[in-house]
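Engineer: Test case, fold it:
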Amino acid sequence: MIVKSLIGLSLTSGLFCLPAVADDVPSNADSDALTTDEAAPDNPNGVDSRTHSEKWKEGYTISPVMLDSENSSGSSLGLKYDFSRTYKFDGSDATVGDDQITPRQIDEAIYGPYWFTKYRVNGVWTPDEIENPLATSNAKLKVGWGRFQKGYEFGASGIGGFEGDQDFSNRQNLYGLELYLFSSFSENDNGTFADISVNFEQIDASDDKNRAVLTDVSEFDRLSGEFTFSYKLEGNFASKTSITSMQFNYRYFAEQDAPDAIEATGLDTYKLATYLIKFEKGLYVAYSTGALPFDKIDDRVFEVGFSQTLFK
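Structural biologist: Numbers count the residues shown, from 1 in each chain. Below is the predicted model:
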């Protein structure tokens, strides 16, 4: 079994986003009145009307990385990137003056139904693509509807885009439907949360030259999903160990009615599990096992990095 080590230094603008590591999710606004001195960065009236999942999944991250593999000729340097942004519409943001904001105004500004659009581009680039063990890259756009209530959020969106290797020379286009559910288990900022999504997708792999070697079936249906659970540590243990949170992330992809050649080589199903521990000052360590659709090899990956938020 191949073992790889990856050391990264992450510079983050916005809020950091998985796959490899994510910032803890801010909780709902406190029910007590807030003064305008406590104004959120995107709202001068003191109400941050973004939802839980928006805060978790937004970010601009560029990470210099070092990759090492037993099957490679040596260590290689690369650049890990993850850019995403969500735009929410019809969220009923409250408009208030200079007085204190009441709990009712907070509820009107934050909770309820909304429409949104979101883009995300992420992957890992290395000078020698052959030496890149984390080759899967993505560029996707979502448009959908959601509902945000205190402690949970759910919704559905149409999704489109493409995924491929690091330069998208081999790629597959996709479109489909995503259903998601987010739940917060803490009233405190940066608390414990769980997030799950399920995708039903139509894949066009006519631009995937590696798949074309095995089969001439280029269009297929795919079921995929992702689950994340993040546990916020507090108290004496957190203060003694400097650990702020522990996280588990699991992703799964299953081609439906795959051709015999694809099924025989095990390329019809991909899964990746990541275990992450985050420390103070942005330091994190992560261990992953499995592979994503363009990683080619089912593998184990060890990651150490440092994330820094530049802007909020």
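Engineer: Give me the nearest residue to Lys140, chain neighbours excluded.
Structural biologist: Gly161 (3.4 Å; CB to CB, 6 or more residues apart in numbering). C-beta here means a position set from N, CA and C on the backbone, and glycine is covered the same way.
Engineer: Contacts only, for the one you found.
Structural biologist: 138-141, 173-175 (CB atoms under 8 Å, 6 or more residues apart in numbering).
Engineer: Which strand or helix spans it?
Structural biologist: strand 152-164 (DSSP states H and E).
Engineer: I'd like the average pLDDT over that strand.
Structural biologist: The average pLDDT for strand 152-164 rounds to 95.
Engineer: Sketch out the low-pLDDT regions of the protein for me.
Structural biologist: Residue ranges of the chain with pLDDT under 70: 1-58, 68-75, 90-109, 187-190, 296, 307-312.
Engineer: Please enumerate the helices of it.
Structural biologist: With helices called from DSSP state H, the chain shows them at 52-57, 103-110, 209-214, 235-241, 260-264.
Engineer: quick one on the thing from earlier: now, of the contacts of Gly161, which are buried?
Structural biologist: 138-140, 173-174 (16 or more other CB atoms under 10 Å).
Engineer: got a markdown table for these, with distance to Ser76 too?
Structural biologist: Listed next are these as a markdown table, based on distance: CB to CB, whole Å:
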| residue | distance to Ser76 |
| --- | --- |
| Asn138 | 21 |
| Ala139 | 23 |
| Lys140 | 27 |
| Asn173 | 29 |
| Leu174 | 29 |
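Engineer: Cross these against strands and list the overlap.
Structural biologist: Judged by DSSP state E, the buried ones among the contacts of Gly161 include 138-140, 173-174 as members of strands.
Engineer: out of the residues you listed, who's nearest Lys278?
Structural biologist: Nearest to Lys278 among those, counting by CB to CB, is Asn138 at 22.9 Å.
Engineer: For the closest residue to the closest one other than its chain neighbours, name its beta-bridge partners.
Structural biologist: Once flanking residues are discounted, Asn138 sits nearest to Glu163: 4.7 Å by CB to CB, 6+ apart. Under the criterion DSSP bridges, Glu163 forms beta bridges with Asn138, Gln172.
Engineer: Quick check: the gap between Glu163 and Gly151.
Structural biologist: Here Glu163 is placed at a distance of 33 Å from Gly151 (CB to CB, to the nearest Å).
Engineer: related to what we said a few turns ago, now for the ones in strands among the buried ones among the contacts of Gly161, which pair is the farthest apart?
Structural biologist: Using CB to CB, the two most remote members of these are Asn138 and Asn173, lying 11.8 Å apart.
Engineer: Thanks again, I'm all set now.
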